[in-house]
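Engineer: coordinates only, no sequence provided:
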């Protein structure tokens, strides 16, 4: 059914595009937020991706692949937003998670903070791979297809992103002695 | 003390948390904007920040296009000389024969018939860089996105000869007194594009974070070429004063362009 709606939107049917956008906006925003960890930037990226989707929809050859194509636009828009924030030096605003109201142990909060700091040290490209893999549950071939990169590149990005995140967390957790050296 | 869960599980939980629904404002803004945004029909033009080609492949494709145009232009310049006609094929009295060779170039109606010498050297420069006077740019549309404004700009070769132009320039946002409101920078990775007489190139210029006072109309965009010359686009309307919203006075304003493309 969706392919038919995509084809109508490709032909310029704004109502059809409204249906597609309404069905996709939550997921697009969720992806952008998880890459950017910033609600305002995620909002901008989602909006930009949907506007690009409308403008460029006629260039989509296979309507069945609309979803993957749209996610690619979201990821690209997120890269642009991340670059803009970095260039302007505005930093990334940390938004309390939805779980902040629930009683949580100090250990769990510390865990989350460690992950937050480590995640924000990764490049947007590495964050995108992690989000597609851990949030959408995509396998390497799907990640590669969505991002328009070779499978090998997707594999190495996922590997290095995971490794760097783990290393960042371990470095964070290490006692802060200036003289400390690890072998 | 409870043991920590495995790293992968912690990462799953961390990435899972966060909003699952988008603010209504996003969809409202998008749906309000699309009636004024034309859809692209040129199948080969890549979408804004979402081209499926890799950077290397894109650069290679650009190079192939430039070489193709260059070779075609060289062929057009050299080929008439072989017949001893001169370097202005469109001005030749043997019109049908030479114009059949042209393919890419539009005949130049104003070319003087006496200009070329039969003994002109065969190694003429292929296509000259576009003079600012032979180019006409105009803003065809302003689009809005949260925190940004995007100008759709068309550039037309209004001269009588094909010429080349860099795909990237330094974009600027100007007010009605030609004062620079936002100054961009020259992006790297520019390629040379050939533009036939009457040919049109398009680009998108995105700006953000203008925190100054309301500018005098009309606001427009300009493109500073690598040689310092500037192409100023005709504003969208004489009363247009579109500037991007202020996202924070402490942040720098920003303006950037996509490469010119057919």
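Structural biologist: The structure has been received and is ready for your questions. What you are looking at is a predicted structure, and each value in this text was computed from that prediction instead of being measured.

Engineer: the residue lying closest to residue B:212 once chain neighbours are set aside: what's it in contact with?
Structural biologist: In space, and not counting its chain neighbours, residue B:212 is closest to residue B:181: 6.5 Å by C-beta to C-beta, 6 or more residues apart in numbering or on different chains. Every residue, glycine included, has its C-beta placed from N, CA and C. By C-beta atoms under 8 Å, 6 or more residues apart in numbering or on different chains, residue B:181 lies in contact with B:172, B:173, B:174, B:175, B:210, B:212, B:215, B:219, B:243, B:253.

Engineer: let's have those residues in CSV, adding neighbour count and pLDDT.
Structural biologist: Supplementary listing: those in CSV, determined by neighbours: other C-beta atoms under 10 Å in any protein chain shown; pLDDT from 0 to 100:
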residue, neighbour count, pLDDT
B:172, 23, 94
B:173, 25, 94
B:174, 21, 94
B:175, 18, 92
B:210, 22, 87
B:212, 13, 87
B:215, 18, 90
B:219, 26, 92
B:243, 22, 86
B:253, 20, 88
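
Engineer: let me know the closest of these to residue B:32.
Structural biologist: The nearest member of those to residue B:32, counting by C-beta to C-beta, is residue B:243 at 19.2 Å.

Engineer: for the closest one, which three-state class applies?
Structural biologist: For residue B:243, the assignment made with DSSP: H, G, I helix; E, B strand; the rest coil gives coil.

Engineer: give me the buried positions along stretch B:197-217.
Structural biologist: By neighbour count on 16 or more other C-beta atoms under 10 Å in any protein chain shown, the buried set for stretch B:197-217 is B:197, B:199, B:201-210, B:215.

Engineer: farthest pair in those residues?
Structural biologist: Largest separation among the buried residues of stretch B:197-217 by C-beta to C-beta: B:197 and B:209, giving 38.8 Å.

Engineer: of the contacts of residue B:181, just say which sits nearest to residue A:126.
Structural biologist: residue B:253 (29.1 Å).

Engineer: and the strands in the chain, which stretches?
Structural biologist: With no chain named, the answer covers chain A. Taking DSSP state E to define them, one finds no strands in chain A.

Engineer: wrong one, chain B
Structural biologist: Applying DSSP E to chain B gives strands spanning B:135-145, B:148-157, B:163-166, B:170-174, B:180-183, B:192-195, B:200-208, B:220-224, B:230-232, B:254-257.

Engineer: relative to residue B:64, which of those is closest?
Structural biologist: Across the strands of chain B, residue B:64 has its closest neighbour in strand B:192-195 (12.7 Å, C-beta to C-beta).

Engineer: paired strands for that closest one, with orientation please.
Structural biologist: Its sheet considered, strand B:192-195 pairs with strand B:163-166 (antiparallel) by DSSP bridges.

Engineer: quick one: average confidence on the strand it pairs with?
Structural biologist: Averaged across strand B:163-166, pLDDT comes to 90.

Engineer: who's in contact with it?
Structural biologist: When contacts are defined by C-beta under 8 Å, 6+ apart, strand B:163-166 is touched by residues B:127-131, B:134-135, B:155, B:157, B:190-195, B:201, B:225-226, B:260.

Engineer: how near is residue B:208 to residue B:246?
Structural biologist: In this view, residue B:208 and residue B:246 are 9 Å apart by C-beta to C-beta, to the nearest Å.
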